[in-house]
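> Here is the input, now give the coordinates:
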Amino acid sequence: MRIRPLQAADLSEVRRIEQQVMTDPWNEELLLAEFEVTNGVSLVAEEDNQIWGYAFFRICAPESELLRLAVAGDRRRKGAGQALLDHALRDFTGQGYTSCFLEVRCSNEEARRLYMKAGFLQVGIRKKYYHQPVEDALQLCKDLNDPRRGNP
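Okay, here's the model as predicted:
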């Protein structure tokens with residue numbers, strides 16, 4: 001599996017995956033805006049020239065934040081999400097970033113397992129953070145300088 005920067009030509013496939021797997025999907029304008037933001041890092045996981053998943057991060061030294069990570073439904077549990085996360089966290093660590101934050105739905109057990117395996121710890125909760133359906137979010141953080149805390 002290859003992880004590479006997202007390109008403008010990838011946005012239609014990213015939107016398809018977004019519509020397929022997200023409960024409150026971003027529209028074309030939001031995806032394009034996130035792709036174009038100057039302090040953003042956008043990645044795709046691909047195999048056999050097909051996009052399996054994508055991730056959007058924001059960076060503001062010394063912190064980073066995962067905004068979105070999604071893998072196509074038929075490609076889940078095959079390592080794409082882990083590969084996207086590991087790639088970004090390795091890069092951020094190498095660039096001197098000290099932490100990575102994210103929010104995840106309380107009910108999203110699959111994503112929570114991925115993040116905990118990568119060394120993220122719960123640091124808070126945001127009540128009624130998500131819509132469609134309304135749900136609390138767990139706030140997670142990974143200390144990028146702590147080698148005892150999972151990959152990378």
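
> per-residue confidence at the most centrally placed residue in the chain?
For the chain, the residue nearest the mean C-alpha position is residue 69 (3.0 Å; Cα atoms, centre = their mean). Among the per-residue scores, residue 69 shows a pLDDT of 97.

> Ok, residue 152 next?
On the pLDDT scale, residue 152 gets 48.

> repeat for residue 146
Per-residue pLDDT puts residue 146 at 78.

> Verify the contact between it and residue 121 for me.
No - here residue 146 does not reach residue 121: they are 9.7 Å apart, not a contact under Cβ atoms under 8 Å. C-beta coordinates here come from the backbone N, C-alpha and C atoms, glycine included.

> Against which helices or strands is the lengthiest helix in the chain packed?
Among the segments of the chain that qualify as a helix by DSSP state H, the longest is helix 80-94. Here helix 80-94 touches strand 2-5, strand 40-47, strand 50-60, strand 63-71, strand 99-105, helix 109-117, going by 3 or more Cβ pairs under 8 Å, 6 or more residues apart in numbering; DSSP states H and E.

> 6 Å instead?
strand 40-47, strand 50-60, strand 63-71 (3 or more Cβ pairs under 6 Å, 6 or more residues apart in numbering; DSSP states H and E).

> average pLDDT across it?
The pLDDT scores in helix 80-94 average 96.

> swap in stretch 13-30?
94.

> so what's residue 3 closest to, chain neighbours aside?
Excluding the flanking residues, the one nearest residue 3 by Cβ to Cβ, 6 or more residues apart in numbering is residue 87, at 4.1 Å.
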